[in-house]
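**Q** Provided below are the primary sequence and the corresponding predicted coordinates.
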Amino acid sequence: MAENNAKLVGEKLGKPNTKSYDAKDIQILEGLDAVRLRPGMYIGTTGPKGLHHLVWEIVDNSVDEAANGFCSRINVSLNKDGSVTVEDNGRGIPVAIHPVKKVSAAEVVFTELHAGGKFNNENYSYSGGLHGVGASVVNALSRWLKLEVFRDGKKYIQEFESKEDANGKVRGGVPLYSLKEDGASIITGTKVTFMPDDRIFESITFNPDTIKEHLKEVAFLNRGLEINFIIQAEVEEESKLYTFKFDGGIVDFVKNINETKNSIYAEPIYISGESDGIKVEVSMQHTDSYTESIFSYVNNIQTPDGGTHEIGFKSGLTKALSDLAEKSNSLKGKDAGILAGEDFREGLTTVILVKMKTVEFEGQTKAKLGNPQARPAVESVVYSGLMEFFSDKKTNSILSSMLDKALSAAKVREASRKAKEIARQKNSIENSTLIGKLASCTGKNYANNEIFIVEGDSAGGSCKQARDRHFQAILPLRGKPLNVEKKRIDQVLMNEEFRTLISALGAGIGEDFDVNSIKYNKVIILADADQDGFHIRSILLTFFFRYMKPLITNGHVFIGLPPLYRVAKRDKVEYVYSDAELPEATKRAGKGYKLQRYKGLGEMDKDQLWETTMDPAQRTLVQVTIDDAAEAEKIISTWMGDNVEVRKNYIAEHANFSRADSLSEFINGKKK
Ligand code: TSJ
């Protein structure tokens with residue numbers, strides 16, 4: 001074909017600027033007119049998203065060439081003048097003259113709607129879908145575009161421009177001349193440079209980070225493909241080059257996503273296969289977090305709203321792991337029975353890549369795969385892939401960490417369900433014995449009300465005496481059940497005081513939690529500065545993090561700071577909140593002062609407690625941020641984990657229980 005091309009092109013080339021337009025050409029141009037008339041129909045928006053879509057469109061063509069095995073490198077450049085260049089080392093767009101249209105194939109690509117890549121269906125068996133509206137759309141929406149094709153030992157060029165016609169109407173993508181030879185070439189490939197039309201787009205300034213992130217993602221999805229991104233100087237202070245090439249493909253993608261998390265086994269699992277003509281690739285890895293994240297793609301196009309391929313993945317995973325749990329020695333049959341699909345996905349990061357011929361996108365934003373046949377195809381590939389993977393003894397430990405994780409997720413889910421039930425029945429609970437522990441306040445103005453969660457019955461008693469009952473409620477937590485190490489959050493939830501807390505806050509729990517109906521504006525945790533106190537604080541924060549997140553993000557959770565020392569000389573009293581401040585305080589007091597060290601809240605009398613810890617005018621509160629709570633959750637999972645060594649080290653490292661400033665360090669928040 002190549003020889004043939006050269007000949008045909010040779011005949012046509014060498015006669016530049018002699019082009020005359022017949023009726024068919026004008027029809028073609030009218031196609032591009034339609035694009036300029038309604039750009040949104042083709043690229044979604046004329047905002048930044050649509051602007052960047054132009055780059056994705058061009059890059060897609062090179063990616064297709066790579067997917068077909070003819071291209072190993074793509075260079076993308078953000079140029080000084082604001083234009084973008086995309087260049088690959090593929091075969092070069094065919095330059096043969098189209099037998100009917102009488103112009104080069106390359107020109108057809110840039111001037112005819114929907115021609116992009118479609119003229120050779122065999123080579124493009126997996127391209128298409130929403131994307132691939134193609135180069136002609138980019139051309140129509142560009143101020144100018146330059147094409148360079150390197151093939152058959154030659155370089156060919158063609159330029160296009162948006163031009164005003166005789167009637168003052170702007171036409172996009174008008175060829176300045178037919179594709180022409182422009183010297184010899186020893187390389188092959190395609191290079192396209194274009195300048196978006198500022199009469200179409202809100203702004204024509206590209207965001208380098210957006211492009212960089214997109215190219216990185218493309219590189220992950222196309223194992224081994226090298227993508228270089230060059231930001232030319234003046235776009236940024238100095239030229240920058242980023243190279244993305246991932247020989248692990250989506251396995252590297254999963255590793256990258258999990259980089260900042262703790263994975264519970266070393267390597268992501270990789271599964272690939274084909275079913276019903278659909279190619280499926282999956283990589284997955286569990287972390288010790290609780291959220292599930294799935295990134296799915298069809299023909300390299302992201303499907304943020306999921307669809308049939310994701311459903312297929314989930315059922316394949318559930319079936320395989322349920323079967324394996326059933327057979328597993330470490331799980332008793334009874335335990336295996338409580339596992340549900342979602343439990344297997346807690347903390348799971350997954351990338352799903354599906355390639356298929358005719359893609360149907362669904363939903364408002366066309367971000368969801370609709371093809372029904374993708375579901376069973378992905379399910380069977382995932383099921384058999386996992387069964388095969390776990391048939392090897394070497395993977396036993398991975399399986400047991402997965403099943404352990406799923407089991408604890410199931411227990412939490414069960415406990416959470418029970419807790420929700422309790423929250424729902426809160427009206428009947430309010431009259432029951434449970435609420436007896438709570439000393440509620442009399443004021444009905446929630447915005448002013450506070451609840452102190454206090455460690456220990458004795459401290460709780462002191463607080464009840466010390467408080468201003470108009471706006472301060474006290475909920476004592478019995479220290480003992482919470483002190484038990486290795487208590488899981490699900491067991492903690494079954495604790496009576498927690499149930500009381502849920503109903504006292506009156507805003508539900510979990511998905512049903514409604515921060516707008518909380519009965520207390522400030523939730524203040526009061527615990528001692530010792531190991532038990534640290535533990536209780538962490539459990540409470542973990543509880544809020546998991547079941548009442550908006551309580552934290554809306555700034556309702558605080559840590560109360562009781563003093564560590566009382567320095568007194570005659571009637572002068574100073575309270576000291578950290579060891580670091582003690583020398584200063586004693587110096588201030590001078591000779592003959594009396595020093596009292598508080599080991600816990602219970603050692604203060606009610607007046608001292610009020611002055612130092614509860615009186616809004618004098619106390620110190622630390623507002624808890626979501627990062628603190630996430631950190632607490634990590635501490636708790638370490639604390640409660642099975643690995644005693646890790647636990648000991650972690651506690652030694654993170655908790656110096658005798659100093660208030662280490663608490664502040666742990667809490668990390670702003671003093672209020
Ligand atoms: F579409 C485009 F013009 F915007 C564009 C296409 C832009 C860029 C940067 C690259 C490409 C492109 C197209 N790279 N590689 C190809 N390959 C082909 O078009 C091609 C080459 C050879 C054959 C063949 O059958 O010999 C078939 C095709 C489709």
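**A** Everything's here; your move.

**Q** every contact and neighbour count from this point should use C-alpha atoms.
**A** Noted.

**Q** now do the same for the residue in the chain that the ligand sits nearest to: its pLDDT.
**A** Ranked by C-alpha to the nearest ligand atom, the top residue of the chain for proximity to the ligand is Ile93, at 3.8 Å. Looking at Ile93, its pLDDT stands at 96.

**Q** just give me the neighbour total for it.
**A** 24 (other C-alpha atoms under 10 Å).

**Q** and the one 10 residues further on, by the same measure?
**A** Val103 is flanked by 19 other residues according to other C-alpha under 10 Å.

**Q** now the residue of the chain closest to the ligand: which helix or strand?
**A** Counting by DSSP states H and E, no helix or strand carries Ile93.

**Q** ok, it touching Thr190?
**A** Yes - with contact defined as C-alpha atoms under 8 Å, Ile93 counts as touching Thr190 (6.4 Å).

**Q** what sits against the closest residue in space to Lys154 that isn't next to it in sequence?
**A** Excluding its sequence neighbours, the residue lying closest to Lys154 (C-alpha to C-alpha, 6 or more residues apart in numbering) is Ala184, at 4.1 Å. Ala184 sits next to Gly153, Lys154, Lys155 when contact means C-alpha atoms under 8 Å, 6 or more residues apart in numbering.

**Q** just to check, the first one is in contact with Ile186?
**A** To tie it back to what came earlier, the one meant is Gly153. Yes - at 5.5 Å, Gly153 counts as touching Ile186 under the criterion of C-alpha under 8 Å.

**Q** name the single longest helix found in the protein.
**A** Counting residues, the longest helix in the chain under DSSP state H turns out to be helix 396-424.

**Q** what is that one packed up against?
**A** helix 341-344, helix 489-493, helix 496-505 (3 or more C-alpha pairs under 8 Å, 6 or more residues apart in numbering; DSSP states H and E).

**Q** quick one: buried residues of the shortest one?
**A** Neighbour counts using 16 or more other C-alpha atoms under 10 Å place Gly341, Asp343, Phe344 of helix 341-344 among the buried residues.

**Q** surely Val76 and Ser62 touch.
**A** No - using C-alpha under 8 Å, Val76 is not in contact with Ser62, being 10.6 Å away.

**Q** what touches both of these two?
**A** Common neighbours of Val76 and Ser62 (criterion: C-alpha under 8 Å, 6+ apart): Glu87.

**Q** tell me the contacts of the residue nearest to the residue of the chain closest to the ligand when sequence neighbours are not counted?
**A** Spatially, and ignoring its direct neighbours in sequence, Ile93 is nearest to Ala106 (5.9 Å; C-alpha to C-alpha, 6+ apart). When contacts are counted by C-alpha under 8 Å, 6+ apart, Ala106 touches Ile93, Pro94, Val95, Ala96, Leu179.

**Q** now with 7 Å?
**A** Applying C-alpha atoms under 7 Å, 6 or more residues apart in numbering, we find Ala106 in contact with Ile93, Pro94, Val95.

**Q** that one: what secondary structure?
**A** helix (DSSP: H, G, I helix; E, B strand; the rest coil).

**Q** for the stretch 551-672 of the chain, give me the ranges with low pLDDT.
**A** In the predicted model of the stretch 551-672 of the chain, residues 633-672 satisfy pLDDT under 70.

**Q** show me where it has its helices.
**A** All helices of the stretch 551-672 of the chain, identified by DSSP state H, counting those that start in this stretch, fall at 582-589, 606-609, 626-640, 644-654, 660-667.
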